[in-house]
Each structure stands twice: as structure tokens, then as C-alpha cells.
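A.B. asks: Would you be able to build a 3D model of this:
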Amino acid sequence: MCNHACLQFVQAHLAESAVRGRRVLEVGARNINGSARRLVESMQPSEYLGVDIAPGPGVDLICDIGGLVERFGAGRFDAVVCTEVLEHVRDWRGAVGNLKGVLAAGGILLATTRSIGFRYHGYPCDFWRYQPEDIAVLFADMAIGVIESDPIAPGVFLAASKPDRFREVRLDGYRLHSVVCGRRCAGVSNAQLALFLHVKRPVTRFLARQRRSIRKRIGGSGATDVAGGR
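C.D. replies: Numbering: from 1, shown residues only. So this is what the prediction gives:
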């Protein structure tokens, strides 16, 4: 799933020469509010496979991002498209490693994800926020073509290719901004996740509803919502 800017990014950075007659994998292919499938299939790949964790439009096979290499084999695809998935994966290191691993040498990877400031959106949960500098570190072992911010909402886009002499970077100690913990951390424990889902998240939702109600009342009276930034 992806917004209009994600689709424009894919169109701009996935050349027809990288797709025609080649094998393409879309990770997170369930078409909820947009999919790159029609665009990529118009370039006539030899194979286009869409995977997701749940069935739905655009999904050919059920497969978790952390099991791509085990399911399909290393270097199986010539292009991998992964839009709006990485923020939802608790084990982000496994996800990043599998995206790289399932890609053939010389193949292209396009990925989009959310940055700090984007609202919580569980599918089924929402764990991480990636800044452009994070993407640069996480994919330092790739030949990075472009890293840019989403012009519509807080997010970051990546286009990179896998070098012939690929050597995967170690990310064991790297810390990302956690939606669950509210800070940068190396991982999320079961206790932290349970606290967030059963205590922190419901409170956050209640406060958000209260703010929306206040903005609506103030807006209806013709006043300016200074606190909301309007």
C-alpha cells in the first residue's frame, strides 16, 4: 500500500530496462490505498509476484518479510519493491536483511517507509520511524541511488542497487526511533509492547479524539485553533 508520492517515486526510479523480461517481487502487495503493480506489469516483467502477511487484492502468496530468503532463495529477484512495510515490522533487521538477500546482484530495490511525525497506523502494529540518515546507515552496503523525503507526509524513499561484491553491513547495535517506546532503541520487548497496546495507545487515542472535538467546536465558532496550528 502506498500514497501518490510513493507511486510517483516508483515510476521515476524503476527503469523499464530493470523490469522488462526480469523477475520482480513486491513486498507488502496488498492493495489498500494504492499499489505499484499495474505500473510495473506494464513494463512486461517475466514474473511479478506480490506477497503480504494477509490475503487481499494484489497478493499472490502469503509470506512474511522476514522469511523471503527462506521461501524464495537468495538472489531470486532482479527487482524488489517494498512500500510502507518497514515501519510495521518488529524485527526490522531481519526485514532489511531479507530485502537485500532475496535481491540478485545488480538488482534494484525501491523502498518507502514512514518518518518521525507520522501518525500511528497499526497493520497490525506500528513500531518504527526511519529518518533519511537511518536509511543511509541501514543500506550502506548497497549502491544508493537516491534517498529523499516524502513530499506529502513524514516519510523517506530509497532507490538502491545491490553491488556484485555485496557484503552485508552489521546492524546489531543500531537504534531506531520506536513508536512503542517513544525514543530510539535497539528493539521492543514483549512487556513494552503490551504496555503500549493496553495502556499508552488507548490514552493517546482518547487524547487525540479530545483534541479533534475541541478543534471542531472552535472551528465551528469561527475562531482560530492556535493550539492545533491552524
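
A.B. asks: How is this protein partitioned into domains?
C.D. replies: Following automatic domain parsing, one finds the domains of the chain at 4-185, 189-230.

A.B. asks: how about the lengthiest strand in the chain as PDB, C-alpha atoms only?
C.D. replies: When the chain is parsed with DSSP state E, its longest strand is strand 103-114. This file holds the C-alpha atoms of strand 103-114, laid out as PDB (Å, rounded to 0.1, in the frame of the first residue of the first chain):
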ATOM      1  CA  LEU A 103      17.700  -9.400  -4.500                       C
ATOM      2  CA  ALA A 104      20.100 -10.600  -7.200                       C
ATOM      3  CA  ALA A 105      23.500  -8.900  -7.700                       C
ATOM      4  CA  GLY A 106      22.900  -5.800  -9.800                       C
ATOM      5  CA  GLY A 107      19.200  -5.800  -9.000                       C
ATOM      6  CA  ILE A 108      17.300  -2.700  -7.800                       C
ATOM      7  CA  LEU A 109      15.500  -2.200  -4.500                       C
ATOM      8  CA  LEU A 110      12.800   0.500  -4.100                       C
ATOM      9  CA  ALA A 111      11.600   1.000  -0.500                       C
ATOM     10  CA  THR A 112       9.400   3.600   1.200                       C
ATOM     11  CA  THR A 113       8.600   3.900   4.900                       C
ATOM     12  CA  ARG A 114       7.500   6.500   7.500                       C
END
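
A.B. asks: Please state the mean pLDDT value computed over that strand.
C.D. replies: Averaging pLDDT along strand 103-114 yields 97.

A.B. asks: I'd like to know which elements it is packed against.
C.D. replies: helix 4-13, strand 77-83, helix 92-101, strand 155-161 (3 or more CB pairs under 8 Å, 6 or more residues apart in numbering; DSSP states H and E). (Each C-beta comes from the backbone N, C-alpha and C, glycine too.)

A.B. asks: Could you export these to a markdown table, including columns for mean neighbour count and distance to Met43?
C.D. replies: A markdown table is the format used below for the helices and strands packed on strand 103-114 (neighbours: other CB atoms under 10 Å; distance: least, CB to CB, whole Å):
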| stretch | mean neighbour count | distance to Met43 |
| --- | --- | --- |
| helix 4-13 | 17 | 10 |
| strand 77-83 | 25 | 10 |
| helix 92-101 | 22 | 20 |
| strand 155-161 | 23 | 16 |
